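Visitor: kindly return the folded structure for what I paste below:
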Amino acid sequence: MANKIDIKTVNEVAHLARLEFNTDEEKNKILTDMNRMLGFIDKLNELDTSNVEPLIYMTYEKNILRADEPKGTLTQKEVLKNAPKKDSDYFKVPKVIDQQ
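Guide: A predicted model of the protein is given here:
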């Protein structure tokens, strides 16, 4: 492995990601996992990809979408029928904005 992560780097990443470790054992496990990830990336870098085209889409299939067709709409009365709280014309919801 060309680059190895140390405890200092784990602490910096943990600070930036707002992670907390309860024990040194947890911190060492993360350190081991991060170094394993770097090892995997180093292994991938050994592959010759010079003749491989970049992958833009996972599949060459096209989406087959249905045509947009207008359908019947509900009346205001029908829409309000199942509302938990309402008055004659509107939904009633708790106030969420305080005026200062």
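Visitor: and the helices in this structure?
Guide: With helices called from DSSP state H, the chain shows them at 7-16, 24-45, 76-80.
Visitor: nearest to residue 69, out of those helices?
Guide: helix 76-80 (20.5 Å; Cβ to Cβ). Where you see a C-beta, it was placed from the backbone N, CA and C, and this is true even at glycine.
Visitor: what lies in contact with that closest one?
Guide: 86, 89, 90, 91 (Cβ atoms under 8 Å, 6 or more residues apart in numbering).
Visitor: buried ones in it, by neighbour count?
Guide: Within helix 76-80, no residue counts as buried by 16 or more other Cβ atoms under 10 Å.
Visitor: quick one: it to chain centroid distance?
Guide: Between the centre of helix 76-80 and the centre of its host chain there is 36 Å, according to Cα atoms, centre = their mean, to the nearest Å.
Visitor: thinking again about what came up before, and of the contacts of helix 76-80, the nearest to residue 6?
Guide: Among these, and counting by Cβ to Cβ, the member closest to residue 6 is residue 91, at 56.5 Å.
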